[in-house]
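1. Using only what follows, build the 3D model:
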Amino acid sequence: MLSLVLLAALGPGVANAQRRPASDATFYNDARTPGADPFVRYDERSGFYYAYSTEGADPGYHFAIYRSPDLAVWEKVPGGALRDDGTQWAHDWFWAPEVYFNERTGVYFFFYSGRMNRNVAEHFKYANFEEPSKIGVAVSRSPEGPFRNITTAPIDYYPYDPDYHDVNLIMDSTQRKPPATLEEGRTAPLGTYIPYIDPNVFFDDDGRIYLYFSRNAYRNWVWDTDLGKYIEESNIYLVELTREWWDDPEGRTMPAIHPRYRDANRAPADPPGVRKDGFTPILNYGSDKQSWENAHVDDYARSGGQKKDRRWAEGSTTIRTTGKGGKPRYFLTYSANNYENEHYGVGYATADSPLGPWRKSTANPVLRQDPAQRLFSTGHGSIVDTPAGQRYYVHHGRPSTSDSRRIYTSPLSLDPRRDALDIHESTTDQPIPDGVAPLRLTPQRRWVEVPAGGAATVPVEVTSRAGATFDLTNPLNRLRAEVFPSWAGTAEVRGGEVVVRASHPGVAVLTMTYQRQRADGGYVDVSNLRPRRAPVAARVALYLR
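-> As a prediction, the model looks like this:
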């Protein structure tokens, strides 16, 4: 009789856990996960989405790593991506990580930018070059790292702009106030090395590999004919990479630029051994002006000379789609304005080739601050596709103008026939991505003996369809637990485990149900919906002594 009672109690939960229906689970952007410049990729081997962030690493590491089964409930991976072991080529400004996985070799490649503090003159000609940023690459066999640098140096790339009048050489030591006239600026010597950040590697269908990057605003004073003054700008450029690094099964080969770019900007009079590499311009303000990018063009006067007049185009992500007539169409998202400013936002451009020409959308910005939703400084994210074919833009933002940056997930829709891209920012409830369900709640024990006057612990896991676990210590998740009959004992939830205490001897059933927090702060039970609605729950038989 006891067996029949327990089978009846345990059976439905077990049966429903084997189905693969959708779920009524929702998520909202709770702004709890600290992070900046998040790059997200789905890892098929583990079923997790991994987010790599400029901020949030533990002491002794650079770059935080988070994982999530559903792009919403993030769990921090202890440590970080790169150990601060004293051999790092960069000194600070560790920014904008991105990770790419070669399924054939099993190697994860970690691209990042950093600022040098050694051998600066070797790379930028001047030892006092203010923003000597370059890009490094590290590898790992696991998406959770830690990653090790392939070499103790950045990528062997020396982008050089031979047509730039280096006005910094005729400015004062503050480097904030440029020449007042274009004529004066043109008296400065020609040519400068380009500091660069924000790597984005794009693998085209024809096998070619491109590195998109942002030219630091420093040492790029551009004369604005509309404003009648110099503005210091960051632009987006491209260089093609060779394939040897990607095809190396050991992950020991450093990415290298294509030979056509090496020394492409050398002059005949340059002495032997001087590197001056080329680049392909992708995006800048002057060739495609949009007024929303002008939030900081008067910062010098507003700040009393403490800030520069600047513009930014940075944090790009490039994807390929199929456009009209079945031809390839390329979309590039980018961020503009300063990341610390509430007007930081995202625009996009389109092209028929990775090399361009690129044209900005008249719909820009497609992601911007929304004070009504308490959402500010939205930008620098990455595009990620789910296994079920949905597309999201995971980016950083701030819940107030004074808060630090947090991770947000926004659905992204794309219509290449109309060159349309929309990012649907929201802090309200929205469905979890397709393919995450069915969810399954699994106790590690099906029978538990609870001693008189004591307690027993039941560890519990909630997993996605792919088997990725939900962090039950994250406030977005909760377990509801109860003992039946109630007079037999009590149940207390502590994150991913339930502690049961006996009140009276006998046989009872512990029922556990998975809940999600809603935007209003309340919790609701979660159900798998098909073939018939059933709660994400499980039961454990209790023997109370």
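2. what about this structure, any weak spots by pLDDT?
-> In the predicted model, the chain carries pLDDT under 70 at residues 1-21.
3. Please parse it into its domains.
-> Here the domain parsing of the chain from automatic domain parsing is 2-20+437-544, 26-431.
4. Deepest-packed of those domains, please.
-> The highest mean neighbour count among the domains of the chain, using mean count of other Cβ atoms under 10 Å, belongs to domain 26-431: a mean of 19. In this view, the C-beta of every residue, glycine as well, is placed from N, C-alpha and C.
5. Any idea how far apart the tips of that one sit?
-> Domain 26-431 has its terminal residues 4 Å apart, counting by Cα to Cα, to the nearest Å.
6. Contacts for stretch 446-464 next, please.
-> For stretch 446-464, contacts defined as Cβ atoms under 8 Å, 6 or more residues apart in numbering pick out 10, 47, 69-70, 436-437, 439-445, 469-470, 472, 477, 479, 489, 496-502, 505, 510, 512, 514, 536, 538, 540-545.
7. Now do the end-to-end distance for it.
-> End-to-end span of stretch 446-464 (Cα to Cα): 20 Å.
8. Take the contacts of stretch 446-464 and keep only those in strands.
-> 440-443, 477, 479, 489, 497-502, 510, 512, 514, 538, 540-544 (DSSP state E).
9. My guess is residue 417 contacts residue 323. True?
-> Yes - using Cβ atoms under 8 Å, residue 417 is in contact with residue 323, at 6.6 Å.
10. now residue 535: how far from residue 460?
-> 14 Å (Cβ to Cβ, to the nearest Å).
11. To clarify, my last question referred to residue 328.
-> Here the criterion is Cβ to Cβ. By it, residue 328 lies 47 Å from residue 460.
12. swap in residue 147?
-> Using Cβ to Cβ, residue 147 is found at 32 Å from residue 460.
13. try residue 117
-> The gap separating residue 117 from residue 460 is 49 Å, by Cβ to Cβ.
14. Repeat that for residue 392.
-> In terms of Cβ to Cβ, residue 392 sits 28 Å off from residue 460.
15. One more: residue 528?
-> According to Cβ to Cβ, residue 528 stands 17 Å off from residue 460.
16. Ok, residue 182 next?
-> Separation of residue 182 from residue 460 (Cβ to Cβ): 68 Å.
17. ok, residue 151 - contacts?
-> Contacts of residue 151 by Cβ under 8 Å, 6+ apart are residue 254.
18. Where does it sit: helix, strand or coil?
-> With DSSP: H, G, I helix; E, B strand; the rest coil as the basis, residue 151 sits in coil.
19. Dihedrals phi and psi, the residue nearest to residue 235 when sequence neighbours are not counted?
-> Leaving aside its sequence neighbours, residue 235 sits nearest to residue 284 (Cβ to Cβ, 6 or more residues apart in numbering; 4.2 Å). Per-residue torsions, residue 284: phi -150, psi 170 (degrees, to the nearest 10).
20. now residue 433
-> Main-chain dihedrals, residue 433, degrees, to the nearest 10: phi -60, psi 150.
21. And the helix or strand encompassing residue 94, what does it pack against?
-> Residue 94 belongs to strand 90-102 when elements are defined using DSSP states H and E. Judged by 3 or more Cβ pairs under 8 Å, 6 or more residues apart in numbering; DSSP states H and E, strand 90-102 is in contact with strand 39-43, strand 48-53, strand 107-116, strand 133-140, strand 196-203.
22. need the next SSE after the third one, C-terminal direction.
-> Sequence-wise, the next helix or strand downstream of strand 107-116 (DSSP H and E) is helix 120-124.
23. Run the chain-centre distance for that following helix.
-> A distance of 30 Å separates the centroid of the chain from that of helix 120-124, by Cα atoms, centre = their mean, to the nearest Å.
24. Endpoint to endpoint, stretch 460-477 covers what distance?
-> 13 Å.
25. next one: stretch 188-206
-> 43 Å.
26. Please apply the same query to stretch 31-42.
-> Using Cα to Cα, one end of stretch 31-42 lies 21 Å from the other.
27. swap in stretch 263-280?
-> Using Cα to Cα, one end of stretch 263-280 lies 13 Å from the other.
28. Just give me how far that stretch sits from the chain centre.
-> Centroid separation between stretch 263-280 and its chain, computed with Cα atoms, centre = their mean, is 35 Å.
29. can you tell me which residues contact the closest residue to residue 42 other than its chain neighbours?
-> Spatial nearest neighbour of residue 42, excluding adjacent residues (Cβ to Cβ, 6+ apart): residue 49 at 5.3 Å. Contacts for residue 49 (Cβ under 8 Å, 6+ apart) come out as 40-43, 67-71, 384.
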